[in-house]
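> structure for this input, please:
(one chain, ligands or ions: 2)
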Amino acid sequence: MSHIAPLPELDQEAPFYQPVANECALFEQAYQQRLPLLLKGPTGCGKTRFVSHMAAKLGRPLYTVSCHDDLTAADLTGRYLLQGGETRWVDGPLTRAVREGGICYLDEVVEARKDVTVVLHPLTDDRRLLPLERTGELLEAPDDFMLVVSYNPGYQHILKSLKPSTRQRFVAMSFDFPPPDIECGIVARESGLPHERCAALVNLATRLSELKGQDLEEGVSTRLLVYCATLIQAGMPILTAARATLVEPLTDDLDVQEGLMEAINATFG
Ligand SMILES: Nc1ncnc2c1ncn2[C@@H]1O[C@H](COP(=O)(O)OP(=O)(O)O)[C@@H](O)[C@H]1O
Ligand SMILES: [Mg+2]
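Ligands and ions are numbered 1, 2, ... in the order given. All right, here's what the predicted structure looks like:
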């Protein structure tokens, strides 16, 4: 049986997260049952916000690592560093989360080097072990340790997907951009721009995102809508804000940019 302390009351300090489905309950169950969690979804749809919200709600420290193609197992576990003429072992973020009973969140985990999965495997089976070869330690993860990983299935290529042997160690859920009414509430809350003005932006984003597939790799994210609304709320003219947040970040192709600006002008021009 687990010995997890009763959950603290909902933490008022937890960063705002608007649930879309049953994701909070699923996260909480995975945590209680000591199961690792995999989040899939496009960039800017709320994965990182969700994890920081849940970590605060569960009262656990959060160690977030943005993975990249140079990230090695040692970056996660730790290494000996020379400090003032002495070599000293310094824990990496994964090791710290294991020692403290925290949540370790590996963002874009498919980007990391292959040796990273070697570290994750013993942590994700029911032994929940983290072997530190260099120090000779074998850490057993406490009940309140949790591993969360995420990736964006949209821009993965064949060499960069999680192997089934890794993927099948996780409880998994898909994220996507929220339905318009919910997204509108999020954008209004995050930016302070009045609801009905946010609704117009969300509508516009839907129309722009329809170009996805033909001309755009990804649709307008909730993150970009928040940026746009924030700049407008700060006094920037709508067309300037829209170009800077809904056009330039989406594509470098001048023709596609022009197409997007036409749609924006048709709405706000
Ligand atoms: N469900 C949500 N609740 C609250 N804010 C959200 C939500 N979804 C998206 N956001 C907003 O969008 C921004 C980007 O979300 P983020 O979690 O960083 O995306 P991801 O990690 O999926 O790339 C957040 O900073 C927040 O302002
Ligand atoms: Mg993120």
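> element containing the nearest residue to Leu39 once chain neighbours are set aside?
Of all residues not flanking Leu39 in the chain, Ser150 sits nearest, at 4.1 Å (CB to CB, 6 or more residues apart in numbering). Where C-beta positions appear, they are placed from N, C-alpha and C, glycine not excepted. In this structure, Ser150 sits in strand 146-151 according to DSSP states H and E.
> look at the residue nearest to Leu39 and report its pLDDT.
Ser150 carries a pLDDT value of 94.
> do I have it right that it meets Pro36?
No: checked against CB atoms under 8 Å, the pair Ser150 and Pro36 is beyond contact range at 11.7 Å.
> re the thing from before, what does the strand holding Ser150 rub up against?
Applying CB atoms under 8 Å, 6 or more residues apart in numbering, the contact partners of strand 146-151 are 30-31, 34, 36-41, 47-48, 51, 60, 102-111, 120, 123-124, 162, 170.
> now stretch 48-56: mean pLDDT?
So the average pLDDT for stretch 48-56 ends up being 98.
> got the contact list for that stretch?
So stretch 48-56 is contacted by 11, 13-17, 23-24, 27-28, 31, 39, 61-62, 64, 102-103, 105, 107, 148, 150, 175 (CB under 8 Å, 6+ apart).
> try stretch 85-92
Contacts for stretch 85-92 (CB under 8 Å, 6+ apart): 74-81, 99, 134-135.
> redo that, cut-off 7 Å
With CB atoms under 7 Å, 6 or more residues apart in numbering as the test, stretch 85-92 has contacts from 74-81, 99, 135.
> what is the nearest of those residues to ligand 1?
Lowest distance from ligand 1 to the contacts of stretch 85-92 (CB to the nearest ligand atom) belongs to Leu76, with 19.1 Å.
> dump the residue contacts of the closest residue to ligand 1 within the stretch 1-150 of the chain.
Using CB to the nearest ligand atom, the single residue of the stretch 1-150 of the chain nearest to ligand 1 is Gly46, 2.6 Å away. Gly46 is in contact with 175, 222, counting by CB under 7 Å, 6+ apart.
> just want the phi and psi numbers for it.
When read as degrees, to the nearest 10, the backbone of Gly46 gives phi 110, psi 10.
> could you pull out the strands for the stretch 1-150 of the chain?
For the stretch 1-150 of the chain, the strands defined by DSSP state E, counting those that start in this stretch cover 37-40, 62-66, 78-83, 86-91, 103-107, 129-132, 137-140, 146-151.
> got the CA positions of the fifth one in CSV?
In other words, strand 103-107. Output in CSV follows, covering the C-alpha atoms of strand 103-107 (Å, rounded to 0.1, in the frame of the first residue of the first chain):
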residue,chain,number,x,y,z
ILE,A,103,7.6,15.6,-10.0
CYS,A,104,10.1,15.5,-12.8
TYR,A,105,8.7,16.8,-16.1
LEU,A,106,10.6,16.0,-19.3
ASP,A,107,9.3,18.3,-22.0
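> strand partners of it, parallel vs antiparallel please.
Looking at strand 103-107 with DSSP bridges, its partner strands are strand 62-66 (parallel), strand 146-151 (parallel).
> what does the protein have sitting close to ligand 1?
Residues of the chain found near ligand 1 (CB under 6 Å from any ligand atom) are 16-18, 41, 43-49, 178, 186, 190, 222-223, 226.
> would you write a PyMOL line that selects the buried entries of those?
Listed next is the PyMOL selection for buried residues among those, using 16 or more other CB atoms under 10 Å:
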select buried, resi 17+18+41+43+44+45+46+47+48+49+178+186+190+222+223+226
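> need the winner for burial among the strands paired with strand 103-107.
strand 146-151 (a mean of 25; mean count of other CB atoms under 10 Å).
> where in the stretch 101-250 of the chain is pLDDT low?
155-160, 212-214 (pLDDT under 70).
> okay, helices next: where are they in it?
Counting by DSSP state H, counting those that start in this stretch, the stretch 101-250 of the chain has helices at residues 115-124, 164-167, 180-191, 195-209, 222-233, 238-242.
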